[in-house]
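**Student:** Sequence first, predicted model second:
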Amino acid sequence: MIPRVRRITAACAALCALSAALSACGSAGTGRPAPATSPAPASPSASRPPVLAPGPGGLTPVFEHGPRTLGKTVALTFDADMTADQGPRAASGEHFDNPELIGTLRALKVPATIFMTGRWADQYPTEARSLGHDPQFEVANHSYSHYSFTADCYGLPTVDADMMQSEVTRAYASLRKAGVPRPMPYFRFPGGCYDQRALRALSGLGVTAVQWDVVSGDAFATDADAVVRQVLDGVKPGSVVVMHCTRSAAPTTERVVRAVVPELRKRGYRFLKVSQLIGETAGHR
């Protein structure tokens, strides 16, 4: 998840490693290559949705927002986070899903992109399958275990470089096993943390790494109004907003969506999926 920023004052420092990682800042990561003009490798999806071309030296490309000049569009994205070792917490009643939020998105007819960990799909296969079969949504990859792809990423355990590709491919296997028929060729780094080594490690998988330009601040927020203000203040044409669909760690998100969606529509914004924004971006295939 993504951290509460300065205007949202609740502290997350005492939370467990997952909680801290879910609070990752939107500025995380280094070396964001501009899209090149060569075609990207084949995507994991049979329908071949748009991906960005590789960066310099074949690095995995990074997408942060869509065009600013093609009208008022915005993509809402939601991270379905669960680490590989959180089964006991789920078994004891902790909710890492948020059916009410998904129901609100459906009722408001808002398309959205869900970045799902493989462990989440293993825990909630019925919900994963429902999202994967609903044309209103697209399901993308958030790693299997939600462990960090860099050192010092909000207390998360670190994935060795030689295991990074398997974190991605294992997550795709879990998504398909759960019944997601066409997982998208988009990957979100846990905590938003990445570096050149991580981008090199994922080269050849054909995925586009998807970051964001608007941090909602919904992680561990108790003041929904403050999150609403933060989103509305941050959205620009082409924005990608990061939010979360885990009840235990983002309890205000459903209320935030109910407030943000009608206001952005009033301001003339259209809601798109990440694939649609990438399809409008120069350098995609």
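**Tutor:** Thanks, I have it. It should be emphasised that the depicted structure is a prediction, and the values quoted were computed from it without experimental measurement.

**Student:** can you give me the helices in the chain?
**Tutor:** Under the criterion DSSP state H, helices of the chain are mapped to 17-22, 87-91, 99-108, 118-123, 125-133, 164-178, 196-201, 224-234, 253-266, 274-279.

**Student:** For the fifth one, give me every contacting residue.
**Tutor:** Defining contact as CB atoms under 8 Å, 6 or more residues apart in numbering, one finds that helix 125-133 is touched by 97, 99, 102, 114, 116, 120-121, 137, 139, 175, 177-183. The way it works is simple: take the backbone N, C-alpha and C, and place the C-beta from them, glycine included.

**Student:** Lowest average confidence across the helices of the chain, which one?
**Tutor:** Here those differ in mean pLDDT, and the lowest is helix 17-22 at a mean of 44.

**Student:** Let me know which of the helices of the chain is the nearest to residue 152.
**Tutor:** Shortest distance between residue 152 and the helices of the chain, using CB to CB, is found for helix 17-22: 11.1 Å.

**Student:** From residue 183, how far off is residue 128?
**Tutor:** Distance of residue 128 to residue 183, computed by CB to CB, to the nearest Å: 10 Å.

**Student:** neighbour-wise, which of the two wins?
**Tutor:** residue 128 (27 against 24; other CB atoms under 10 Å).

**Student:** closest one to residue 72 among the helices of the chain?
**Tutor:** helix 253-266 (8.3 Å).

**Student:** May I have the closest one as PDB, with CA atoms only?
**Tutor:** Only the C-alpha atoms of helix 253-266 are listed here, as PDB (Å, rounded to 0.1, in the frame of the first residue of the first chain):
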ATOM      1  CA  THR A 253     -11.400   3.400   0.500                       C
ATOM      2  CA  GLU A 254     -15.000   2.500  -0.400                       C
ATOM      3  CA  ARG A 255     -16.200   5.800   1.100                       C
ATOM      4  CA  VAL A 256     -13.500   7.600  -0.800                       C
ATOM      5  CA  VAL A 257     -14.600   6.100  -4.100                       C
ATOM      6  CA  ARG A 258     -18.200   7.100  -3.500                       C
ATOM      7  CA  ALA A 259     -17.100  10.700  -3.100                       C
ATOM      8  CA  VAL A 260     -14.300  10.900  -5.700                       C
ATOM      9  CA  VAL A 261     -16.100   9.400  -8.600                       C
ATOM     10  CA  PRO A 262     -19.100  11.700  -8.900                       C
ATOM     11  CA  GLU A 263     -16.900  14.800  -8.300                       C
ATOM     12  CA  LEU A 264     -14.400  13.800 -11.000                       C
ATOM     13  CA  ARG A 265     -17.200  13.100 -13.400                       C
ATOM     14  CA  LYS A 266     -18.600  16.600 -12.600                       C
END
